[in-house]
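J.: Provided below for reference: sequence and predicted model.
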Amino acid sequence: MQVAALCSRYSVQSYPSLIQKQPKTMSKKYLLSGDDEYKNQEFINGLKSQLDPSWLSLNYHEINLKSEAETPTEDKIGLAIACIRQIPLGLGGKLVVIKGDLKVEEPEENNGSSGTKEKRLALTEELIFAEEENTTVILVCNPDKRTRIGKLVTSAFSRVEFTTIPNWKTQEIAEVVGKTGSDLGLNLPCRVSQYIAEAVGNKTMRIGVEVEKLVLYRGEEKLTLTEVKQLIPSIQHNSIELSKLIKDKKGVQTRELSEALLKTTQPVVIVAALTTIWSTWTRVKAALAAEVTDDKELQESLEIKNPGRLYYLKLEVERVSLKRLMETTIELFELEISLKSGLDPKALPEKLMKLVMIKD
């Protein structure tokens, strides 16, 4: 437990010269929740950057309460309490990040030792009532608001939530893309932001990476949609287009597009995307063939979250038979396995051409 030892070693009583005079500010407490781990880490890094670099190793503490064989949960809770109580060294304050739920209802055998429940209660009390100056505490978890502890933690902390935007809400994702560009000094036209949202999806980490790529390419200058498409190929958009070409029996265009995609995308990725699209079509057609006509029921059974998407799916499968959809989906699934087993990627265009020939 090196951090605990350091906390004890560099105490105020032993080394009073380490503590420089600084403005006294109340402690800040944040409850960081949501499933967007990238944005959560960005938030933590932003606060971490404000610490005194000279004392970073002693003023930044991150404790994961999830039990591990080499470090019992009880010891981690004790470390968390010690770090919260320790006075910041140097300038810039102190940051303590605690990851994991503060559950006290768990059976003792799951807590690592008989004292863990009491330790969790002590940590919860420390988190709620601690008022250490120049200290920021971040609790990363999703507390159960139905419990007493959940209510206390929620009321004592400022809640910051980063939730992943559903993939079908492309307009909201496009807004995130635009803001990311603005933060990096890049002015992205609406059409470009919309394209990137459709091409990349809701992964904020990849959005950041792709926008940074554009900054390196053109700096603060405006980019045309054509330039962006060359730098950020859209596998989703191209896969939908390729699927429609196969469905509409357009052999020449199928070959041309598949050959173009192979220059920028792994063949397994292409086929996996095609398999997803065709399996969705198959499920929609099968449901309609079973005379399921209620849109709400269709959405629930097919797990389609975007209400508007169902209308277009119906149109897409209107003129193709269930038999052909099923056969093509099976062929794509087998093709994906073949590629993973060592099939030459150059064979992909020819294999997709055979799908065009499947009869209705």
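T.: Here it is on my side, so go on. Numbering: from 1, shown residues only.
J.: now the strands for this structure?
T.: Per DSSP state E, the chain carries strands over the ranges 28-33, 60-64, 94-99, 135-140, 158-161.
J.: Nearest to residue 186, out of these?
T.: Counting by Cβ to Cβ, residue 186 lies closest to strand 158-161 out of those; the figure is 25.6 Å. In this view, the C-beta of every residue, glycine as well, is placed from N, C-alpha and C.
J.: Name every strand pairing with the closest one and say which way it goes.
T.: Counting by DSSP bridges, the strands paired with strand 158-161 are strand 28-33 (parallel).
J.: To residue 243, which of the strands of the chain lies closest?
T.: Within the strands of the chain, the stretch nearest residue 243 is strand 158-161; the backing value is 36.0 Å (Cβ to Cβ).
J.: Can you mark which positions in the longest helix along the chain are buried?
T.: Counting by DSSP state H, the longest helix found in the chain is helix 267-289. By neighbour count with 16 or more other Cβ atoms under 10 Å, helix 267-289 contains the buried residues 267-268, 270-275, 277-285, 287-288.
J.: do stretch 313-322 as well
T.: For stretch 313-322, by 16+ other Cβ under 10 Å, it's 313, 316, 317, 320, 322.
J.: Please report how far the closest residue to the third one other than its chain neighbours lies from residue 234.
T.: Using Cβ to Cβ, 6 or more residues apart in numbering and skipping the chain neighbours, the partner closest in space to residue 317 is residue 285 (4.5 Å). When distances are taken as Cβ to Cβ, to the nearest Å, residue 285 and residue 234 turn out to be 26 Å apart.
J.: okay, the strands of the chain in a markdown table with mean neighbour count next?
T.: Shown next, in a markdown table, are the strands of the chain (neighbours: other Cβ atoms under 10 Å):
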| stretch | mean neighbour count |
| --- | --- |
| strand 28-33 | 19 |
| strand 60-64 | 19 |
| strand 94-99 | 23 |
| strand 135-140 | 23 |
| strand 158-161 | 12 |
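J.: mind giving me JSON lines with those and columns for distance to residue 347 and mean pLDDT?
T.: JSON lines is the format used below for those (distance: least, Cβ to Cβ, whole Å; pLDDT from 0 to 100):
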{"stretch": "strand 28-33", "distance to residue 347": "48", "mean pLDDT": "89"}
{"stretch": "strand 60-64", "distance to residue 347": "47", "mean pLDDT": "91"}
{"stretch": "strand 94-99", "distance to residue 347": "47", "mean pLDDT": "91"}
{"stretch": "strand 135-140", "distance to residue 347": "47", "mean pLDDT": "89"}
{"stretch": "strand 158-161", "distance to residue 347": "47", "mean pLDDT": "90"}
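J.: Now distance to residue 334 too, for those, in a markdown table please.
T.: Compiled in a markdown table, the strands of the chain are given as follows (distance: least, Cβ to Cβ, whole Å):
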| stretch | distance to residue 334 |
| --- | --- |
| strand 28-33 | 43 |
| strand 60-64 | 43 |
| strand 94-99 | 43 |
| strand 135-140 | 43 |
| strand 158-161 | 43 |
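J.: Of those strands, which is nearest residue 172?
T.: Nearest to residue 172 among the strands of the chain is strand 158-161; the distance by Cβ to Cβ comes to 14.8 Å.
J.: Could you check stretch 227-238 and say which residues are buried?
T.: Those would be 228, 229, 232, 234, 235, 238, for stretch 227-238 by 16+ other Cβ under 10 Å.
J.: For it, what does the pLDDT average out to?
T.: In this model, stretch 227-238 has a mean pLDDT of 82.
J.: Just the terminal-to-terminal distance for it.
T.: Start-to-end span of stretch 227-238 (Cα to Cα, to the nearest Å) is 16 Å.
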